[in-house]
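*Asks:* What follows is a predicted structure for the sequence shown.
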Amino acid sequence: FAALAAKWKEPAKDALDTLVLNAVDKTPLDAYEQLEYIPFDPVKKRTEATLRDPQGRIFTVTKGAPNVLLALCEGNRAQIEDEFKRTIEELAE
């Protein structure tokens, strides 16, 4: 879903978008309509997009700093926090 939090129809504007968009087949992304896009904000440390899927459902995706994204998890943070942190450490190795 990280690619949906980018402007995939335009050239990447930063390193994270370049990495994400070069790692996926962008063709399936065109099934989604990007309704709103908020570019990376160095204060919020994330990028956000609101989309409509092929079934008409509207949802929001975000990508950014792991600790910032974990803080957004209101309902299940306690259940996922340990595994989340382990995964981040493994990816950093």
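*Replies:* Good, I have the coordinates.

*Asks:* Name the nearest residue to Leu70, sequence neighbours excluded.
*Replies:* With sequence-adjacent residues excluded and distances taken as Cβ to Cβ, 6 or more residues apart in numbering, Leu70 is closest to Phe84, at 5.7 Å. Using the backbone N, CA and C atoms, a C-beta is placed for each residue, glycine as well.

*Asks:* what about that neighbour, distance to Pro28?
*Replies:* Taking Cβ to Cβ, to the nearest Å as the criterion, Phe84 is separated from Pro28 by 26 Å.

*Asks:* Who has more neighbours out of those two?
*Replies:* Using other Cβ atoms under 10 Å as the criterion, Phe84 and Pro28 rank with Phe84 on top: 16 against 10.

*Asks:* Was I right to think that one contacts Ala71?
*Replies:* No. Phe84 lies out of contact with Ala71 (Cβ atoms under 8 Å); the separation is 11.0 Å.

*Asks:* all strands of this structure, in order?
*Replies:* 33-41, 46-52, 58-64 (DSSP state E).

*Asks:* quick one, which of those is packed in tightest?
*Replies:* Mean neighbours per residue, mean count of other Cβ atoms under 10 Å, is largest over those for strand 46-52, with a mean of 19.

*Asks:* Packing partners of the longest helix along the chain?
*Replies:* Longest helix of the chain, by residue count under DSSP state H: helix 77-92. Counting by 3 or more Cβ pairs under 8 Å, 6 or more residues apart in numbering; DSSP states H and E, the packing neighbours recorded for helix 77-92 are helix 66-72.
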